[in-house]
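Enquirer: Next input, structure requested:
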Amino acid sequence: MSNIDTMSVNAIRILSADGVQKANSGHPGLPLGAAAMAYELWAKHMKHNPANPKWPNRDRFILSGGHGSMLLYSLLHLFGYGLTVEDLAQFRQDNSLTPGHPEYGHTVGVEATTGPLGAGMAMAVGMAMAEAHLAAKFNKPGFPIVDHYTFALGGDGCMMEGITSEAMSLAGSLKLGKLIILYDSNNITIEGSTEIAFTEDVKKRFEAYGFQTLEVMDGNNLEEIGAAIEKAKADLSRPSLIKINTKIGYGSPREGMASAHGEPLGADNVKALREKLGWTSETAFEVPEEIYDNYKAIAARLAKEEEGWNSLLAEYSSKYPDMKQLWDKYHDKNSAGELLDNEEFWAYEDKADATRNISGKIINRIKKYLPNLFGGAADLAPSTKTYMNDERDFTGGDYSGRNLHFGVRELAMAGIGNGLMLHGGLRAYVSTFFVFSDYMKPMIRLAALMEVPLTYVLTHDSIGVGEDGPTHEPIEQLAMLRATPNVSVFRPADATECIAAWYYAVTSSKTPTALVLTRQNVSPLKGSSKEALKGAYIISDSNKAKPDAIIIASGSEVELGIKAQELLLSEGIDVRVVSMPSMDVFEEQSDEYKERILPKSVRARVAVEAQAEFGWGKYVGLDGTTVTMKGFGASAPAKVLFNKFGFTAENVANAVKSVL
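Expert: Predicted coordinates for the structure are as follows:
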């Protein structure tokens, strides 16, 4: 190891320790222990260009152990990604570019928002799948325009989380040879030694998944680390795990101790760290110019990688103009907008059908207009109707397929979906039964945080599931997703609303969309329209300028509301029926529009939804009521359950009369 390499590694350590110390908050242990592997990777083996952080053929790096964010921020600063010393000094402060955990879209060079352990591992699998698919689609002999690796760095905590097991099992099955996991193995977690709760042989586990497994005994030996990375890159037949044995808090008096994990070292210990590393400057965040010069020289060399790729792409574009046109379409985030006025897209059969079936037909329409549509289900495509007909499957033997099979792995599926979208070039969707969105929630939350417009196709949306019983009948899940910021939740009532929901999903630029769909048939509704794109609209109006009451419903219960309207009219009560497929989209509309749909002067209101009533209070007010689920469902045919729990036109009509 050269002296300049040693100094460059130690610069990462010093900057990281200084950042945590100044903030008096953070996690110094991982950056101190993993600095050598990070430097070796970024300086000598990873393809990236600080001058253009988003160039498409860069290698991806995900810090799955996001608590060690100062490691990433120090790398970004030293390599010249635009983070300044002042930014490092504002670690964990309000409005800084260096928040406590890395945030995608907030800090240049951060490929994914991480922090929930294991999440970065799943997103890395998604990125590797995206690379494999795009390479299969676009590469030509002599023109590997998609040719890059995905690296993820995580520790013992990431290895304990179930999402890692799910994701890596799939990665091994798919033989994702360009996925490389750096395992920072220091045998320490917050509570102490991993011996108290984590004694498995991680390498053997990954071998069972189908990984090449390598081990570096000395986490400070750059040559040994570099050799392992190159060996991992050379094996394209399977993904690789590199176990790198490190010391948490390396170089500090807390080396190897749990106390190094999640609290500042303390001023005296930071001083001792400097002495141990031979760091001559006692001034915080001060790095000798010769070290900056080394990083600048590396960055200049890295820039040449992109220059070569740009030349290759130009030649490719000339030789394969049709492929270049397709490439541009794949990377055009606004191409789906043309569907708004496409009559074929909005056409539907005038017959009763389940919205899951309608959604399946829409997917097979969209795939013609969006060649980069890419998705699948957690072993449920025949039930969720998410299979693209006449398209191949994405498998370890054929990465060109557009149909994904995630296996029974809902949590990893949602995380992988995030990675597919973060990579760029694809419009992805994932699918399962709505009740299992519980398994997906942590990764849905990350998608919302990152403003990644992934689509979730969630079917079997209510007690309409029927005979499978309460374990499979979602009750509280709509409220859960509606409560999550920046998630659009659509529960369409019929074919027109289902098409509108899909249009919203594939044209969304910053918001993930959940499509909540029925198992049972629903009828085409006379008043349904593209107004569903506003979240709520009048589907069947009163004859009066001021309705006697308003029925608000979503999904399969909209038809029920219209039937109740007919019953009430026969008794001289004239009500308005509002379909509200998406509360959050409705809230985005102007105050004037919202007042027109739900005038404040009409206080007699009833919400109807075969879900928990939580969230409806905002729309029915103190004078209104709901016809909703008050507890869990039961096991019986769907029609029996709708009657049992009061979802009948008569009961809805009686609820309206009760508030008049």
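
Enquirer: Walk me through the domains of the protein.
Expert: In terms of domains, the chain is parsed into 3-303, 335-522, 533-659 (source: automatic domain parsing).

Enquirer: Quick one: end-to-end length of the longest one, please.
Expert: Start to finish, the residues bounding domain 3-303 are 24 Å apart (C-alpha to C-alpha, to the nearest Å).

Enquirer: Next: the shortest one.
Expert: Taking C-alpha to C-alpha as the measure, domain 533-659 stretches 30 Å from start to finish.

Enquirer: need the domains of the chain in a markdown table with mean pLDDT and distance to residue 323, can you?
Expert: Backbone N, C-alpha and C define where each C-beta goes, glycine included. Formatted as a markdown table, those follow (pLDDT from 0 to 100; distance: least, C-beta to C-beta, whole Å):
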| stretch | mean pLDDT | distance to residue 323 |
| --- | --- | --- |
| domain 3-303 | 98 | 6 |
| domain 335-522 | 98 | 12 |
| domain 533-659 | 98 | 34 |
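
Enquirer: Turn those into TSV, including distance to residue 327 and mean neighbour count.
Expert: Formatted as TSV, the domains of the chain follow (distance: least, C-beta to C-beta, whole Å; neighbours: other C-beta atoms under 10 Å):
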stretch	distance to residue 327	mean neighbour count
domain 3-303	6	21
domain 335-522	8	21
domain 533-659	30	19
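
Enquirer: Quick check: which element contains the closest residue to residue 606 other than its chain neighbours?
Expert: Leaving aside its sequence neighbours, residue 606 sits nearest to residue 655 (C-beta to C-beta, 6 or more residues apart in numbering; 4.7 Å). Secondary structure from DSSP states H and E places residue 655 in helix 649-659.

Enquirer: Would you tell me what the next helix or strand after the helix ranked longest in the chain is?
Expert: For the chain, the longest helix by residue count, based on DSSP state H, is helix 289-319. Next helix or strand after helix 289-319 toward the C-terminus (DSSP H and E): helix 321-330.

Enquirer: what's the angle from that following helix to helix 289-319?
Expert: Helix 321-330 runs at 120 degrees relative to helix 289-319, counting by axes from the mean of the first three to the mean of the last three C-alpha atoms, to 10 degrees.

Enquirer: Restricting to C-alpha, output helix 321-330 in CSV.
Expert: The C-alpha trace of helix 321-330 is given here as CSV (Å, rounded to 0.1, in the frame of the first residue of the first chain):
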residue,chain,number,x,y,z
PRO,A,321,-30.4,4.6,-35.4
ASP,A,322,-33.6,2.6,-34.6
MET,A,323,-32.1,1.3,-31.4
LYS,A,324,-30.9,4.8,-30.4
GLN,A,325,-34.5,6.0,-31.0
LEU,A,326,-35.7,3.2,-28.7
TRP,A,327,-33.1,4.1,-26.1
ASP,A,328,-34.4,7.6,-26.1
LYS,A,329,-37.9,6.4,-25.6
TYR,A,330,-36.9,4.2,-22.7
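
Enquirer: So residue 171 sits against residue 209, correct?
Expert: Yes: contact criterion C-beta atoms under 8 Å: residue 171 and residue 209 qualify, at 7.1 Å.

Enquirer: how about the helices in the stretch 201-350 of the chain?
Expert: Assigned by DSSP state H, counting those that start in this stretch, the helices in the stretch 201-350 of the chain fall at 202-209, 222-234, 267-277, 289-319, 321-330, 343-346.

Enquirer: how about those helices, which one is nearest residue 118?
Expert: Closest approach to residue 118 among these (C-beta to C-beta): helix 202-209, 13.0 Å.

Enquirer: for that closest one, the distance to its chain's centre please.
Expert: Counting by C-alpha atoms, centre = their mean, to the nearest Å, helix 202-209 is centred 26 Å from the centre of its parent chain.

Enquirer: same question, stretch 369-384
Expert: Relative to its parent chain, stretch 369-384 has a centroid offset of 16 Å by C-alpha atoms, centre = their mean.

Enquirer: And it, end to end?
Expert: OK, stretch 369-384 end separation, C-alpha to C-alpha: 21 Å.

Enquirer: what kind of secondary structure is residue 576 in?
Expert: Following DSSP: H, G, I helix; E, B strand; the rest coil, the label given to residue 576 is strand.

Enquirer: ok, it touching residue 545?
Expert: No: using C-beta under 8 Å, residue 576 is not in contact with residue 545, being 10.8 Å away.

Enquirer: Run through the neighbouring helices and strands of the longest helix of the chain.
Expert: With contacts taken as 3 or more C-beta pairs under 8 Å, 6 or more residues apart in numbering; DSSP states H and E, helix 289-319 sits against helix 3-23, helix 69-79, helix 321-330.

Enquirer: Give me the distance between the longest one and the centre of its chain.
Expert: Averaging C-alpha positions (C-alpha atoms, centre = their mean) puts helix 3-23 32 Å from its chain's average.

Enquirer: Following the chain past it, name the next helix or strand.
Expert: Next helix or strand after helix 3-23 toward the C-terminus (DSSP H and E): helix 29-44.

Enquirer: what's that next one packed up against?
Expert: Applying 3+ C-beta pairs under 8 Å, 6+ apart, we find helix 29-44 packed against helix 3-23, helix 69-79, strand 150-155, strand 179-185, helix 222-234.

Enquirer: Determine which of the ones you listed approaches residue 558 most closely.
Expert: Of all the helices and strands packed on helix 29-44, strand 150-155 comes closest under C-beta to C-beta, at 44.0 Å.

Enquirer: measure residue 314 to residue 320 for me?
Expert: 11 Å (C-beta to C-beta, to the nearest Å).

Enquirer: Just want to know which of the two has more residues nearby.
Expert: Taking other C-beta atoms under 10 Å, residue 314 and residue 320 do not tie; residue 320 has more neighbours (16 against 11).

Enquirer: and that one, what does it touch?
Expert: Applying C-beta atoms under 8 Å, 6 or more residues apart in numbering, one finds that residue 320 lies in contact with 140, 143.

Enquirer: pLDDT at it, what is it?
Expert: Looking at residue 320, its pLDDT reads 98.

Enquirer: tell me the helices in the stretch 501-650 of the chain, going along the chain?
Expert: 557-569, 583-587, 591-597, 617-620, 638-644, 649-659.

Enquirer: closest to residue 242 out of the ones you listed?
Expert: Judged by C-beta to C-beta, the one of the helices of the stretch 501-650 of the chain that comes nearest to residue 242 is helix 583-587, at 42.7 Å.

Enquirer: Tell me which stretches of the stretch 401-550 of the chain form strands.
Expert: 403-405, 427-433, 455-459, 488-490, 513-516, 521-522, 537-540, 549-553 (DSSP state E, counting those that start in this stretch).
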